[in-house]
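Asks: need coordinates for the below:
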Amino acid sequence: MLSHDAQLQAQELQTVLSGLPSRLFDDLAGAASTASASLQQGGVVYFFGNGGSAATAEHLASELVGRYVSERPPMRAGVLTASGAILTALANDYPADDLFARQVRGLLSERDTLVALSASGRSPNILRALDQGVASGCARIGFTGNSSAEFAARCNWVLGVSSSSVPRIQEIHLMLGHIFCELIEMSIFR
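Replies: Next comes the predicted model:
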């Protein structure tokens, strides 16, 4: 019974993957080009998200700081979810919806790129951070599911996965994130 359930989950993932439109990959290349330009101008790519998306954000930042495929110098990348001290201080002193926005305000400038990961595209703390990204003048890339108009309006690039299944969206975000990192690496170092 469990193997049948696992097979159904794998089939669901295959269905979502096969339904990804080709324009998504064009947008992914455009987003990677935007992030590459930030890095080449001395900027930083900052990733963030809630829950599982926070873990993906940390994973993707590590691919840029470490290496993805090629042995090369580290790239400037950070994560707005990585410091327990910052997160708990902000959660203690400010409304939860400002958790990321305050960091964006303090850390990002027009040279930087902000990468939001949100399966729903509706989390208030994600939307406020993107608003602050607009105010800071940084480039904004959003990985989401069936994106809300509010989320899309705040992003320069929206990489949406058409699914209502959070696990499938997050799995595909990791795949797209890996491609994003490889495109950046190729753009700057090959």
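Asks: low-confidence stretches in this structure?
Replies: Applying pLDDT under 70 to the chain flags the ranges 1, 147.
Asks: where along it do the helices fall?
Replies: Per DSSP state H, the chain carries helices over the ranges 2-18, 22-40, 52-65, 84-93, 101-107, 124-136, 149-153, 166-189.
Asks: show residues contacting the second one.
Replies: Translated: helix 22-40. By Cβ atoms under 8 Å, 6 or more residues apart in numbering, the surrounding residues in contact with helix 22-40 are 44-45, 75-76, 111-113, 115, 138-139, 141, 156-160, 176, 179-180, 183-184, 187-188. (Each C-beta comes from the backbone N, C-alpha and C, glycine too.)
Asks: repeat that with 7 Å
Replies: With Cβ atoms under 7 Å, 6 or more residues apart in numbering as the contact definition, helix 22-40 has outside contacts at 45, 75-76, 111-113, 139, 141, 156-157, 159, 176, 179-180, 183-184, 187-188.
Asks: again, but for the third one
Replies: Under the contact criterion Cβ under 7 Å, 6+ apart, helix 52-65 has outside partners 45, 47-49, 74-75, 77-79, 81-82, 117-119, 170, 173-174, 177, 181, 184.
Asks: and stretch 108-122, how far out from the chain's middle?
Replies: 6 Å (Cα atoms, centre = their mean, to the nearest Å).
Asks: quick check: buried residues in it?
Replies: Of the residues in stretch 108-122, L108, R111, D112, T113, L114, V115, A116, L117, S118, A119, S120, G121 count as buried by neighbour count, 16 or more other Cβ atoms under 10 Å.
Asks: same deal with stretch 149-160?
Replies: F151, R154, C155, N156, W157, V158, L159, G160.
Asks: hmm, back to that, filter the contacts of helix 52-65 to the buried ones?
Replies: 45, 47-49, 75, 77-79, 81, 117-119, 170, 173-174, 177, 181, 184.
Asks: circling back: which of the buried residues of stretch 108-122 fall within strands?
Replies: With strands taken from DSSP state E, the overlap with those comprises T113, L114, V115, A116, L117, S118.
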